[in-house]
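S.K.: let me see the structure of the following:
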Amino acid sequence: MRKTIVSILLVFSITITYAQYQPTWQSLDARPIPKWFTDAKFGIFIHWGLYSVPAWATNSNADGFGSNYSEWYWERLNNKKLKIHKEFVDFHNKNFGPQFHYQDFASMFKAELFDPEKWAKIFKDAGAKYVVLTSKHHDGFALWPSRESWNWNAADAGPHRDLAGDLSEAVKKTGLHMGFYYSLYEWYNPLYKQDVKKYVDEHMLPQMRDLVTRYKPDIIWPDGEWDQSDTTWRSREFLTWLYNESAVKNTVVTNDRWGGGRNHGGFNTTEYGSGNASLARPWEECRGIGESFGYNRNENLEQYQTSKQLIHMLIDIVSRGGNLLLNIGPAADGTIPVIMQQRLKDMGDWLTINGDAIYGTTAWKESPKQKDTTTFYTRKGNDLYVFVTEWKKQISIPGVMAKNVTLLGYNGKVNFSKKANNIAITAPNLVPGEHSGKDAWVYKITNAF
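M.R.: Residues are numbered from 1 along each chain as shown. Take a look at the predicted model:
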């Protein structure tokens, strides 16, 4: 009898654990974002696929936001309503011929120089804490041996290699978190066009579960949600499984792109500065180093953010409680363009000195509302970090007292004075070699109160 009671209690306990989250937004939205994500602050986004072969988009913004996204190449070729449609068609016909179809790019996407260990080292050295790879974009081509995308994946065609799996393994070995972008919809999948419900039941959901089960990612980053409602996508059902049953139920993070407006799910997403971000909910800004996510050979130098601009962008976003997911667009051969590598290296060099003021911090809610756009703040425990993006001899911080002030990366003394409830920091007189930082400097106010 006692054994029976114990068995019943065990089953009841398992049931309670399994039912921790119910398939309602009220329940799913109540799940806390795993702390590793809010501490990470900086991640690398990767758009890589068949669109990396033509690697081209117009530089015109004639059709508004996203007109110059090269990963939309196939759709731009077919969408006759767009002003930029003719530019894409002319480029395609000139370089590949009118009889060359998008599907023919599969044999040209060889990734022959792809070295996942080298990629992972570049990301690690850049100071990133997580990586998100486009496992499948809107064209439906999968970067892993997906049975739902038979003969339309990187193992059956092109590289004949499990690109997603190889990168996931290499990234995890470096200690970084690995995640996957996944497009819920596919532009020209016949099943999606004919029967959305069947597509979701027999293609999308099994494919997403396969991705999670195979690689145990810490991030699932859906996109393309705008085409259907969350009910059609069965988003709540998938998330209930992900949060309750999957092998990554305790560590996985998701974004807010699940259909029916970006009101539910995990963290909020903004893109090239568009979208809503607030301290009320964890959020992440995603953008490219240039103006496209996929590699765009048509971009010029002035369309790339400088290292200084990227560092300032990271500071601004983190000071407002967000993460930066900075995108790179590798070439079809599997190499990362050198200009992108250089930008990442510069960010890593800066973070080596100043990372303590970025990782694991929170926004300083008492940050003074000021017109000065060259001073930013983060907080960690009792310490306050002050970022200055232009070197200043004097820095006044209202409403703060302190016991000590240091300049990250500098071993000398930093003078400061107290007056009422303010402190004034006097910048040290640096000589060449005393401080290897550039682009932005960070003061640490110890035990700020």
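S.K.: run me through the strand neighbours of the host helix or strand of residue 179, direction for each.
M.R.: Assigned by DSSP states H and E, residue 179 belongs to strand 177-183. Strand 177-183 has its sheet partners listed here by DSSP bridges as strand 130-136 (parallel), strand 219-223 (parallel).
S.K.: closest to residue 306 out of these?
M.R.: Closest to residue 306 of the strands paired with strand 177-183, according to CB to CB: strand 130-136, at 23.0 Å. No exception for glycine: its C-beta is placed from N, CA and C like everyone else's.
S.K.: just how off-centre is the closest one within its chain?
M.R.: Distance, stretch centre to chain centre, for strand 130-136: 8 Å (CA atoms, centre = their mean, to the nearest Å).
S.K.: what of stretch 312-331?
M.R.: For stretch 312-331, the distance to the chain centre is 8 Å (CA atoms, centre = their mean).
S.K.: and that stretch, C-alpha only, in CSV?
M.R.: What follows is stretch 312-331, C-alpha atoms only, in CSV (Å, rounded to 0.1, in the frame of the first residue of the first chain):
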residue,chain,number,x,y,z
HIS,A,312,28.9,53.4,-29.2
MET,A,313,25.8,51.5,-30.4
LEU,A,314,26.6,48.6,-28.0
ILE,A,315,27.0,51.1,-25.1
ASP,A,316,23.8,52.9,-25.9
ILE,A,317,21.7,49.7,-26.2
VAL,A,318,23.2,48.1,-23.0
SER,A,319,22.6,51.3,-21.1
ARG,A,320,18.9,51.0,-22.0
GLY,A,321,18.7,47.4,-20.8
GLY,A,322,19.1,45.7,-24.1
ASN,A,323,21.3,43.2,-26.0
LEU,A,324,22.9,43.8,-29.3
LEU,A,325,22.7,41.0,-31.8
LEU,A,326,25.1,42.1,-34.5
ASN,A,327,24.8,40.4,-37.8
ILE,A,328,27.5,39.2,-40.2
GLY,A,329,26.9,37.9,-43.7
PRO,A,330,29.4,35.2,-44.7
ALA,A,331,30.2,34.6,-48.4
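S.K.: going forward can the numbers begin at 687, since that is how I track them
M.R.: From this message on, residue numbering opens at 687, which makes the last subject stretch 998-1017.
S.K.: I'd like the next helix or strand past the strand holding residue 865.
M.R.: Moving toward the C-terminus from strand 863-869, the next element (DSSP H and E) is helix 876-880.
S.K.: who touches that following helix?
M.R.: 871, 872, 884, 885, 888, 889 (CB atoms under 8 Å, 6 or more residues apart in numbering).
S.K.: which member of these is positioned nearest residue 1010?
M.R.: Distances from residue 1010 to the contacts of helix 876-880, taken by CB to CB, are shortest for residue 871, at 26.4 Å.
S.K.: next, count neighbours for the closest one.
M.R.: By the criterion of other CB atoms under 10 Å, residue 871 has 21 neighbours.
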